[in-house]
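S.K.: The sequence and its predicted three-dimensional model are supplied below.
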Amino acid sequence: MTNKFSAILTALADAPLAANELCRIFHGRGHSVTELSHINLDFYPPVLFLVSYQEIENDELTQLTDTIWQWAQEHVPELVNTLVYQQRSGINTRNTLICGELPQEHVVTENSIKFKVDLLSRQNTGIFPDMRRGREFVQANSNNAKVLNLFSYTCGFSVAAMQGGADQVINMDMNKGVLRTGKQNHQLNGFTQGVSFYPHDILKSFGKLKKSAPYELIIVDPPSFQKGSFILTKDYQKILRRLPELLNENTQLLLCANSPELSEQAFKDLITEHTQGAISFVERLAPTDGFVEVDSDRSLKALVYKSA
């Protein structure tokens with residue numbers, strides 16, 4: 001059975017665990033190893049976080065977790081002391097503590113920025129490892145800027161913007177719970193001024209956003225599907241149509257989509273159609289390290305635009 005999981009062990013051996021930062025170790029969802037395309041493995045120091053997108057029989061799961069845990073205890077016991085497994089198939093997600101104990105307050109680091117995470121209570125952990133390149137872009141392009149962060153979730157982009165010297169950041173997400181975590185993330189990093197948190201439905205709140213316009217940097221990173229509020233393939237254009245109202249002549253935009261059904265070209269066409277020439281394409285951000293994808297059209301698309 002170990003042979004079946006040899007690609008995961010190879011990825012563990014090659015992973016930058018010594019950096020003690022959040023990272024993807026094995027990206028099965030990139031389909032580079034067909035028989036393991038349902039498996040991801042992340043490092044949330046000091047925890048290995050194993051995710052399967054399909055049901056795994058108990059015997060095979062035991063062999064998989066034993067293989068990973070044995071490797072960790074033999075090679076990096078000073079870095080890894082816990083293993084958590086998330087079963088993520090269908091509508092039900094189950095998180096199980098396999099070995100070790102979780103920190104009472106679990107905080108991970110990325111580029112010297114701290115983020116609060118929760119690996120047991122929810123489907124999403126509080127930070128998306130695949131968006132590291134996006135957060136780096138925001139940090140590098142926020143100096144003295146007024147930043148708008150739509151679908152802000154736990155405000156990772158906002159903390160990166162403040163770290164990059166932003167004058168002001170407005171975060172908007174209709175989920176008050178994730179915004180509370182976002183406030184804690186700012187406090188963890190010493191940012192207590194210049195940040196606003198709006199618990200509103202974005203599709204109904206453009207009047208409020210327009211009053212604070214224009215912005216030098218706008219980030220749009222919606223969920224693919226949020227029950228009762230947002231469906232990417234149906235609602236993204238409603239956001240795009242209003243963006244021209246929020247720009248100045250130098251505005252940069254980071255427009256993101258993480259839907260395998262939406263190709264890069266289809267996403268670009270959608271943006272072009274609904275922003276009516278107000279913005280122009282600059283580049284697609286390179287994937288974050290560890291996120292090898294066989295088909296880039298199915299992977300995260302983080303596109304940079306600027307005022308035309």
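M.R.: The structure has been received and is ready for your questions.

S.K.: what about the nearest residue to residue 183 once chain neighbours are set aside, helix or strand, and which?
M.R.: Nearest non-adjacent residue to residue 183, counting by C-beta to C-beta, 6 or more residues apart in numbering: residue 197, 6.2 Å away. C-beta: built from backbone N, CA, C; applies to glycine. Secondary structure assignment for residue 197, by DSSP states H and E: strand 195-198.

S.K.: Packing partners of that strand?
M.R.: strand 168-172, helix 176-188 (3 or more C-beta pairs under 8 Å, 6 or more residues apart in numbering; DSSP states H and E).

S.K.: Please identify the deepest-packed of the ones you listed.
M.R.: Ranked by average neighbour count under the criterion mean count of other C-beta atoms under 10 Å, those are headed by strand 168-172 at a mean of 23.

S.K.: and stretch 296-308, which residues are buried?
M.R.: Judged by neighbour count (16 or more other C-beta atoms under 10 Å), stretch 296-308 contains these buried residues: 298, 299, 300, 301, 302, 303, 304, 305, 307.

S.K.: pLDDT-wise, what's the bottom of those residues?
M.R.: pLDDT across those is lowest for residue 298, at 86.

S.K.: Closest to the mean position in this structure, which residue would that be?
M.R.: residue 128 (2.5 Å; C-alpha atoms, centre = their mean).

S.K.: nearest residue to that one other than its sequence neighbours?
M.R.: Nearest non-adjacent residue to residue 128 (C-beta to C-beta, 6+ apart): residue 156, at 7.5 Å.

S.K.: and what of residue 140?
M.R.: Distance criterion C-beta to C-beta, 6+ apart; nearest residue to residue 140, sequence neighbours excluded, is residue 164 at 6.3 Å.

S.K.: Quick check: that neighbour touching residue 142?
M.R.: Yes - proximity of residue 164 to residue 142 meets the contact threshold set by C-beta atoms under 8 Å, at 3.7 Å.

S.K.: So which other helices or strands are in contact with the helix or strand containing residue 12?
M.R.: Per DSSP H and E: residue 12 is located in helix 6-14. Secondary-structure packing of helix 6-14 (3+ C-beta pairs under 8 Å, 6+ apart): strand 23-27, strand 39-44, helix 58-75.

S.K.: what about the residue nearest to residue 183, neighbour count?
M.R.: 21 (other C-beta atoms under 10 Å).

S.K.: residue contacts, the closest residue to residue 54 other than its chain neighbours?
M.R.: Once flanking residues are discounted, residue 54 sits nearest to residue 38: 4.4 Å by C-beta to C-beta, 6+ apart. Contacts of residue 38 were listed using C-beta atoms under 8 Å, 6 or more residues apart in numbering, and they are 28, 29, 52, 53, 54.

S.K.: Likewise for residue 50?
M.R.: Per C-beta under 8 Å, 6+ apart, neighbours of residue 50: 39, 40, 41, 64, 65, 68, 83, 84, 85, 86, 98.

S.K.: Just the element for it, please.
M.R.: strand 47-52.

S.K.: Can I get that strand in PDB, CA atoms only?
M.R.: Output of strand 47-52 as PDB, limited to C-alpha atoms (Å, rounded to 0.1, in the frame of the first residue of the first chain):
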ATOM      1  CA  VAL A  47      -0.200  20.200  11.700                       C
ATOM      2  CA  LEU A  48      -0.400  18.100   8.500                       C
ATOM      3  CA  PHE A  49      -3.900  18.600   7.000                       C
ATOM      4  CA  LEU A  50      -5.000  15.700   4.800                       C
ATOM      5  CA  VAL A  51      -8.100  16.200   2.600                       C
ATOM      6  CA  SER A  52     -10.000  13.700   0.400                       C
END
